[in-house]
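> structure of the sequence below:
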Amino acid sequence: MIRKVLFGLVPTVAVMAMCTSALAGDCGACKSGCVEAGAACGTKTVYQRQYVTEMRPVTCTEYTTETRERTYTVNKRVARTEEKTRTITVQVPETRSKTVNYTVNKNVVETKTAEYTVQVPYTEEVEQTYTVCVPVKEEKTATYTVMVPKKEEKTSTYTVQVPYTEQVEQTYTVCVPVKEEKVSTYTVQVPYTEEVEQTYTVNVPVKEEKTATYTVMVPYTEEKTATYTVKVPYTEQVEQKFSVNVPYTEEMSGTRKVQKRVAVQTMKTVQVRGGSWQTEMVEVAGGTDAGGCPCPPKMCCKRVWVPTCETKEIPCTSYQCTTEDVPYTYTVSKCRQEERSRMVNVSKCRDEERTRTYTVSKCRPEERTRTYTVTKCVPETKTRKVSVTKCRAEEKTRTCTVTKMVNETKTRMVSVTKCRPEEKTRTYTVTTCVPEERTRSYTVTKMVNETKTRKVNVTKCKSETKTREYQVTKCVPETMTKEVSCTVMVPQQKEVKYTVVAYDCVPETKTASYTVRVPHQVTKEVAVKVCRMVAVEVPVTNACCK
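The predicted structure follows:
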């Protein structure tokens, strides 16, 4: 389309070029005529551009929608049922008997001899001194002061301020802002550096010797004599009675429980999960063909797994424990008590006073003198030059706008609360505390230490070695044989019939309608703007001939 419009504009451009050359030739002719005549040129013909709309034929391609039909073949899966046979292995329970070796622990009694040590107790009477706190009561008298409360009525006069309101004319001042420009002079501190001589003080250390007196505690040794009491032990023989456990053996019979495992046949419900593959027809979108037209949907076969769940009863062998009472004989070691007497050595202590000499370390004060050095600091004045930053004042001027507040007086009526004094009387009770002296008697109990003597029985033990016979029961393992019935799962072959769904593909012819866009050439008239050169008569004056 753009190419055709460009071809239509080529003649227009050629005409415009011709018009331009014609105008240039006319101007030159006019100029030469004016020069020759030296008077007015009159009129001349000028070609002007003018756009004209023209109808031109244009060939274009148009598309027409046509509905067409096509035939296609679809394969259908037709289900059929077949019966087949398969061989499966089944586990069949079978009861069998077998000989089992087992170990039994038998009790064997063995007599042994052992030595043991017995702590034989004996009693000894000992005199003991102890201190007792005896309470002693004592009566005392004490004087104390009590503050006794006393009530008294008093009358007082007080002044009350009674408020009242009064209207008063009040004059108040309002600040009205007024702006004013002012020129102000301000001082700026300009810094500069100057060297100044500075005096400073330095502490110079000076050493000085001093003498000091101090006290030293000098140790010395002193001998002292002291008396002390010693417990001297001695041995005394005493007859003592004691009980001894004499062991003896006794045979006893009893029953014990033995557990056995017995096979029990039961039926168990089991869920068997299976399934089969089945074919379903699924509609699939056809897409588009080579011309861009949508295709009709297609029917396709899809394999789907259909699960099944079956409940079956299968035989199951379980073992249960049974308990039996079995009699047996065992030996028990017992003890009987026997009373015996023996002579026992008892250790006693008697008090004995003795004297000893010991050394005591003491200290006596002694004054001594020592010399030590003290460092003092003596101040010394020195001079140094220091750079000091100083500031000189410089005056500058600036213009600024100042807002001033001009006072303006106004009047208003204000309610003022005033108070007038008024006297009232009240009676009140005052509690006063009056001191009063009282006397009281109290008993004080004091604890007085008192020494007493008592006889105490002390039980002591003496070690004695004895021999005894005891029986030890040992477990000796013994191998025995017994017949046990057990259940064995025997595999057996079995033929089972089952149904299979087979699918046959059957071809089927179908017809589908589809839409096609058919192209064809059409000639149309299109309005085109064309530039034409139109001749126009224009008057010419002498000015154009100069």
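> all helices for this structure, in order.
Assigned by DSSP state H, the helices in the chain fall at 2-37.
> please enumerate the strands of it.
Ranges of strands in the chain, per DSSP state E, are 42-284, 298-540.
> can you put these in JSON lines and add distance to G292, mean pLDDT and mean neighbour count?
Bear in mind the C-beta positions are built from the backbone N, C-alpha and C, glycine included. Below are those laid out as JSON lines (distance: least, CB to CB, whole Å; pLDDT from 0 to 100; neighbours: other CB atoms under 10 Å):
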{"stretch": "strand 42-284", "distance to G292": "12", "mean pLDDT": "83", "mean neighbour count": "10"}
{"stretch": "strand 298-540", "distance to G292": "8", "mean pLDDT": "83", "mean neighbour count": "10"}
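> now do the same contact list for V218.
C363, R364, P365, E366 (CB atoms under 8 Å, 6 or more residues apart in numbering).
> how about these in CSV, adding distance to Y122?
Formatted as CSV, the contacts of V218 follow (distance: CB to CB, whole Å):
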residue, distance to Y122
C363, 54
R364, 58
P365, 61
E366, 63
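> which one of those sits closest to K460?
C363 (49.0 Å; CB to CB).
> now that closest one, nearest residue through space, not along the chain?
M217 (4.0 Å; CB to CB, 6 or more residues apart in numbering).
> quick one, what contacts that neighbour?
Contacts of M217 by CB under 8 Å, 6+ apart are C363, R364, P365, E366.
> who does it bridge with?
Here M217 sits in beta bridges with P365, as judged by DSSP bridges.
> T459 contacts V120, doesn't it?
No. Taking CB atoms under 8 Å as the definition, T459 is not a contact partner of V120, at 11.0 Å.
> S415 against Q170, yeah?
No. With contact defined as CB under 8 Å, S415 does not reach Q170; the gap is 10.1 Å.
> how close does Q493 get to P93?
Noted for Q493: a distance of 16 Å to P93, by CB to CB, to the nearest Å.
> can you check Y319 too?
Here Y319 is placed at a distance of 13 Å from P93 (CB to CB).
> same thing with V202?
Applying CB to CB, the value for V202 to P93 is 119 Å.
> which among the contacts of M217 gets closest to T249?
Checking the contacts of M217 one by one against T249 (CB to CB), the nearest turns out to be C363, at 79.6 Å.
> quick one, what contacts the closest one?
If you count contacts by CB under 8 Å, 6+ apart, then C363 has M217, V218, P219, Y220 around it.
> just curious, which of these is nearest to Y470?
Closest approach between the contacts of C363 and Y470, by CB to CB: P219, at 69.8 Å.
> what's the closest non-adjacent residue to the closest one?
Per CB to CB, 6+ apart, closest to P219 is C363, 5.1 Å.
> from the contacts of M217, which is closest to Y228?
In terms of CB to CB, no member of the contacts of M217 lies closer to Y228 than C363, at 26.4 Å.
> quick check: K150 touching T431?
Yes. Here K150 reaches T431: they are 7.1 Å apart, a contact under CB under 8 Å.
> could you pull up the residues touching the residue nearest to T157 when sequence neighbours are not counted?
Leaving aside its chain neighbours, T157 sits nearest to T425 (5.2 Å; criterion: CB to CB, 6+ apart). T425 makes contact with T155, S156, T157, Y158, according to CB under 8 Å, 6+ apart.
> for those, name the two members farthest from one another.
Pairwise distances across these peak at 10.8 Å for T155 and Y158 (criterion: CB to CB).
> where do the contact lists of these two overlap?
Common contact partners of T155 and Y158 (CB under 8 Å, 6+ apart): T425, R426.
> what bridges to the residue nearest to W277 when sequence neighbours are not counted?
Setting aside the residues directly before and after it, W277 is nearest to R303 in space (CB to CB, 6+ apart), at 5.2 Å. R303 has these beta-bridge partners by DSSP bridges: T279.
> surely R303 touches M281?
No. Counting by CB under 8 Å, M281 is not a contact partner of R303; they are 11.6 Å apart.
> between these two, which contacts overlap?
Residues touching both R303 and M281 (CB under 8 Å, 6+ apart): none.
> which residues sit in contact with the residue nearest to E94 when sequence neighbours are not counted?
Once flanking residues are discounted, E94 sits nearest to V490: 4.8 Å by CB to CB, 6+ apart. Residues near V490 by CB under 8 Å, 6+ apart: Q91, V92, P93, E94.
> give the contact list for the closest residue to V374 other than its chain neighbours.
Ranked by CB to CB, 6+ apart and with sequence neighbours excluded, the top spatial neighbour of V374 is E208, at 5.0 Å. By CB under 8 Å, 6+ apart, the residues touching E208 are T373, V374, T375, K376.
> make CSV out of the residues you listed and add distance to T541.
Output for the contacts of E208, formatted as CSV (distance: CB to CB, whole Å):
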residue, distance to T541
T373, 133
V374, 131
T375, 127
K376, 127
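> looking at the residues you listed, spot the one nearest Q471.
The nearest member of these to Q471, counting by CB to CB, is T373 at 95.9 Å.
> partners of that closest one in the sheet?
Bridge pairing for T373 - DSSP bridges - gives E209.
> pretty sure it is touching K207, no?
Yes. At 5.5 Å, T373 and K207 qualify as touching, with contact defined as CB under 8 Å.
> is the spatially closest residue to V456 that is not a sequence neighbour in a bridge, and if so with what?
Nearest non-adjacent residue to V456, counting by CB to CB, 6+ apart: Q128, 4.9 Å away. Bridge pairing for Q128 (DSSP bridges) gives the partners R454.
> same check, this time on the one 10 residues further on
Counting by DSSP bridges, E138 is bridged to V444.
> OK, contacts around it?
T443, V444, T445, K446.
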